[in-house]
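Trainee: make a model of this:
(one chain, ligands or ions: 2)
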Amino acid sequence: MIRYYIREIVIFVKSSDARFDELRDLRIGPMNTNATFTLAHLSDPHLAYHHGIRLADFLNKRLFGYIKWRLRRRSEHHDDVLAEMIQDLKRSRPDHIVVTGDLTHLGLPAEFAKAKELLSHLGSPSQVTIIPGNHDAYVDGALDCRLSEWADYIVSDGLKVCAGTDTAVNAVFPSLRVRDPVAFVGVSTAQPCSTFLAVGCIGEDQLQRLQKMLIETGQKGLFRIVLIHHPPISGVVSWRKRLIDAEALQEILQHCGAELILHGHAHHRSLSYLDIPGGRIPVIGVPSASAAGENTKRRAQYHLYRLSRKVDGWEVRVCVRSYVNMNKRFETEDEYRLTP
Ligand SMILES: [Fe+2]
Ligand SMILES: [Fe+2]
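Mentor: Ligands and ions are numbered 1, 2, ... in the order given. Model prediction:
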């Protein structure tokens, strides 16, 4: 067994991962200015980058994460699928793009840098909003040490984080970015956890600030979209991947309201509803942005939301763009209207 681990580590250090370089020149152009606001949601690209990694970086949970990558995840996540998604997004020209976590696979510094490159291809920080996932906080300090690299795509409007500084996740979440008529409310559930768990937790401080944020943006009549990595309702992921304080979050949402909740983490498409007084909030998950495995339910997708303000509320039309292995491109798999 020990010999197997050593062989895996050697392969890991030698492995090459240059396909992401092909994304150069795919930067998304100016976005449209139609009355309808178009949002693209993608998640969980699980970018891996293994050049020049020190053995010391793997004397923790990462060793098991890496072995899992070699045995299963490596055949599921592909940079060329992600590159094709970026091309397709470029053609769709959304007004804004959100990425709901697990940008990296092991939370390695090189993976954070690779994710930053991905973000630059998606758009400018004013056009793209991200939140972290549990894989971005894979081990203690992984996220706090590197968060400043992504800060421009994370922080609330008007805030600035100095490059190269350790940044406590709790200091910047929940985030609030208003792109009229939408308020993007980013919640972090990312935290290191033991080897066989992938749970998330929001924490009391964030929950308190979230409550205030949802009330204020609701009073302004904005379309409130809560971005969260872990699904906030039961039944979407297994117990070992759950959101620990989901009930506390549900209570706040039932009290303050929101118009839409977008999440990642599950790696499959899901649509559920959270019942609130006088209505319900759609809770929607999307598969990994880089998945091309045999399981069609887990194959890469992104979702396009077209929001229009109506006299009696909002109209939300959803377009599901799915990766088709045979054609090696994204095609529309489904289109529907969300009913509140
Ligand atoms: Fe994930
Ligand atoms: Fe996750």
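
Trainee: thought Asp334 was touching Val320?
Mentor: Yes: when contacts are counted by Cβ atoms under 8 Å, Asp334 is listed as touching Val320 (4.2 Å). Glycine gets a C-beta too; all of them are placed from N, C-alpha and C.

Trainee: which one of the two has more residues nearby?
Mentor: Taking other Cβ atoms under 10 Å, Asp334 and Val320 do not tie; Val320 has more neighbours (17 against 12).

Trainee: name the SS class of that one, please.
Mentor: When classified by DSSP: H, G, I helix; E, B strand; the rest coil, Val320 comes out as strand.

Trainee: now do Trp150
Mentor: Once three-state DSSP is applied, Trp150 turns out helix.

Trainee: again with the one 5 residues further on
Mentor: On the three-state scheme (three-state DSSP), Val155 is labelled coil.

Trainee: which residues does the residue of the stretch 51-200 of the chain found nearest ligand 1 contact?
Mentor: Relative to ligand 1, the nearest point of the stretch 51-200 of the chain is Asp102 (3.5 Å; Cβ to the ion). Contact partners of Asp102, counting by Cβ atoms under 8 Å, 6 or more residues apart in numbering, are Ser43, Asp44, Pro45, His46, Gly133, Asn134, His135, Asp136, His229, Gly264, His265, Ser288.

Trainee: nearest to ligand 2: which residue in the stretch 151-300 of the chain?
Mentor: Evaluated by Cβ to the ion, the stretch 151-300 of the chain has His265 as its residue closest to ligand 2, separated by 3.9 Å.

Trainee: what's the neighbour count on that residue?
Mentor: Other residues within reach of His265, judged by other Cβ under 10 Å, total 26.

Trainee: ok, Arg72 next?
Mentor: In terms of burial, Arg72 registers 11 neighbours under the definition other Cβ under 10 Å.

Trainee: got a pLDDT number for it?
Mentor: In this prediction, Arg72 carries a pLDDT score of 77.

Trainee: related to what we said a few turns ago, what's the spacing between the residue of the stretch 51-200 of the chain closest to ligand 1 and Gly133?
Mentor: Distance, Asp102 to Gly133, using Cβ to Cβ, to the nearest Å: 3 Å.

Trainee: need the pLDDT of the residue of the stretch 51-200 of the chain closest to ligand 1.
Mentor: With respect to pLDDT, Asp102 scores 97.

Trainee: quick check: which element contains it?
Mentor: Counting by DSSP states H and E, there is no helix or strand that carries Asp102.

Trainee: and the gap between it and Gln208?
Mentor: Taking Cβ to Cβ as the criterion, Asp102 is separated from Gln208 by 26 Å.

Trainee: my read: Ile276 touches Glu259, true?
Mentor: No: under the criterion of Cβ under 8 Å, Ile276 lies out of contact with Glu259, with a separation of 10.7 Å.

Trainee: which residues in the chain form helices?
Mentor: Listed in chain order, the helices found in the chain under DSSP state H are 2-14, 61-71, 79-92, 109-122, 142-150, 169-172, 204-219, 246-256.

Trainee: avg pLDDT for the fourth one?
Mentor: Helix 109-122 comes out with an average pLDDT of 94.

Trainee: next, see if it gets close to ligand 1.
Mentor: No: in terms of Cβ under 5 Å from the ion, no part of helix 109-122 sits within range of ligand 1; the closest distance is 12.9 Å.

Trainee: now do that helix and helix 142-150, the angle between them.
Mentor: Direction vectors for helix 109-122 and helix 142-150, defined by axes from the mean of the first three to the mean of the last three Cα atoms, to 10 degrees, enclose an angle of 30 degrees.

Trainee: on contacts alone, who are the packing partners of helix 109-122?
Mentor: Counting by 3 or more Cβ pairs under 8 Å, 6 or more residues apart in numbering; DSSP states H and E, the packing neighbours recorded for helix 109-122 are helix 79-92, strand 96-100, strand 128-131, helix 142-150.
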